[in-house]
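> Build me a structure from this.
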Amino acid sequence: MLGFEAVASANSVGVPAVRVAGEDDGELFNWLSGYALRGSNRRVRRQVERMNEYFAAGSRTTSSVGDAGAMATFDRSDELRGARFSGVDLQKARFVGCDLSGVVMRGVEIGAGDIDAPWLSTLRVNGVDVAPYVESELNRRFPGRELRRAEDPAGLREAWAVLEATWARTVERAPAEKVDESVDGEWSFAQTLRHLVLATNTWFGRGIHEQEQPFHPLGLADAGTDSNRDSSLFVDGVPPYEDVLMVRAEHQAMVREYIAQATPEMLQAPRKNPHAPQYPETVLSCLHVILEEEWEHHRYAVRDLDTLLS
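Predicted coordinates for the structure are as follows:
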């Protein structure tokens, strides 16, 4: 069951900041998986996995009492589905990893609101579905993003080439003294690159090549999101940025070289979902996940770099 904690912060004078406390990972995954099985879209299943990761991360949120006042905690035993909030002041509230599907807002003030939903499919604002506009605008802001769902070898080669060039420019833009800084508790720039190493290991190493242990020690995962992954494989602390860049480049080259010799027949070869083997994938769908991960995390990285450099 969903939960969140409300924190009275010093600069919000009694206005709570809300963060998810999460729900049982297995229960959530089973519920979402049942939803995904009712459709045939592999992308829906991947979105389910990503939502599960967000909830898993949120379930480790802890409560405390700060100088500004006591924190009210709503844990996994609280039933908030279908709740009604009338006249409630939720200014500056923060919802992280929450399932807000089907939420209805009427007569609300939402100025300066900020929504980040990588799996956005439908979102109506004043009766208008803005999801297609968001998709189009992201493609405009990040040229080449529209190629991430290419279906043939030539299209994939173009998509990967544009993606690599985009990341190269972004890496060059990131000052070395800022790469380990976090914005609003998000991953730092270096941590984002390390997570993409792990994403490549997961979907390329385990997904496409079906390796039992494909993980590089510098990879970075959301804590507790994969019981099949031995956390002792990964380094603790902050590794040198030069090492991160070297390993990241090696992983980009692995995908580039594979796509360079891919054929239509190879792309349709059956594979298993590396997180949930009961779900079928193909080589192509695994490559699509990698491309999706790359572009989403590039968006996060650019967003936070803009803040760090402003």
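> in the helix ranked longest in the chain, what's buried?
Using DSSP state H, we find that the single longest helix of the chain is helix 283-309. By 16 or more other C-beta atoms under 10 Å, the buried positions in helix 283-309 come out as 283-302, 304-305, 308. Quick note: C-beta positions are derived from backbone N, CA and C, even for glycine.
> from the middle of its chain, how far away would it be?
Taking C-alpha atoms, centre = their mean, to the nearest Å, the mean C-alpha location of helix 283-309 is offset from the chain mean by 9 Å.
> who are the neighbours of that helix, in terms of helices and strands?
Under the contact criterion of 3 or more C-beta pairs under 8 Å, 6 or more residues apart in numbering; DSSP states H and E, helix 283-309 touches helix 42-58, helix 153-173, helix 189-200, helix 241-260, helix 264-267, strand 270-272.
> switch the cut-off to 7 Å
The helices and strands touching helix 283-309, judged by 3 or more C-beta pairs under 7 Å, 6 or more residues apart in numbering; DSSP states H and E, are helix 153-173, helix 189-200, helix 264-267.
> low-scoring pLDDT stretches of this protein, where are they?
The chain contains residues with pLDDT under 70 at 1-78, 223-229.
> of all the helices and strands packed on helix 283-309, which gets the most neighbours per residue?
Comparing the helices and strands packed on helix 283-309 by mean neighbour count (mean count of other C-beta atoms under 10 Å), helix 189-200 ranks first with a mean of 23.
> Any chance of the helices and strands packed on helix 283-309 in TSV with distance to residue 109 as columns?
Converted to TSV, these look like this (distance: least, C-beta to C-beta, whole Å):
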stretch	distance to residue 109
helix 153-173	35
helix 189-200	33
helix 264-267	48
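> Out of those helices, the one nearest residue 80 is which?
helix 189-200 (30.0 Å; C-beta to C-beta).
> Work out the gap between the closest one and the centre of the chain.
11 Å.
> Would you mind pulling up the elements that it packs against?
For helix 189-200, the elements it packs on are helix 241-260, helix 283-309, judged by 3+ C-beta pairs under 7 Å, 6+ apart.
> who wins for proximity to residue 181 among those?
Of all those, it is helix 283-309 that lies closest to residue 181, at 6.0 Å by C-beta to C-beta.
> between the closest one and helix 241-260, what angle do the directions make?
Put simply, helix 283-309 runs at 150 degrees to helix 241-260, going by axes from the mean of the first three to the mean of the last three C-alpha atoms, to 10 degrees.
> Now do helix 283-309 against helix 153-173: the angle between them, please.
Inter-element angle recorded for helix 283-309 and helix 153-173: 20 degrees (by the same axes, to 10 degrees).
> Okay, angle between helix 283-309 and helix 189-200 too, please.
Per the same axes, to 10 degrees, the angle that helix 283-309 makes with helix 189-200 is 180 degrees.
> Based on its surroundings, how many neighbours for residue 178?
The local packing of residue 178 (other C-beta atoms under 10 Å) involves 15 other residues.
> For residue 177, see how far away the nearest residue to it once chain neighbours are set aside is.
Nearest non-adjacent residue to residue 178, counting by C-beta to C-beta, 6 or more residues apart in numbering: residue 308, 4.9 Å away. Per C-beta to C-beta, to the nearest Å, residue 308 is found 10 Å from residue 177.
> just residue 119 next, same as before
34 Å.
> Output the helices and strands packed on helix 189-200 as JSON lines; include the columns distance to residue 104.
Converted to JSON lines, those look like this (distance: least, C-beta to C-beta, whole Å):
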{"stretch": "helix 241-260", "distance to residue 104": "42"}
{"stretch": "helix 283-309", "distance to residue 104": "27"}
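> And those helices: which comes nearest residue 202?
Counting by C-beta to C-beta, residue 202 lies closest to helix 283-309 out of those; the figure is 8.5 Å.
> picking that back up, out of the helices and strands packed on helix 283-309, nearest to residue 87?
helix 189-200 (39.8 Å).
> okay but residue 269 is in contact with residue 283, surely?
Yes. If you go by C-beta atoms under 7 Å, residue 269 and residue 283 touch, sitting 4.9 Å apart.
> Next one: the residue nearest to residue 304 when sequence neighbours are not counted relative to residue 307, how far apart?
Spatial nearest neighbour of residue 304, chain neighbours left out: residue 183 (4.2 Å); criterion: C-beta to C-beta, 6+ apart. For residue 183, the distance to residue 307 equals 5 Å [C-beta to C-beta].
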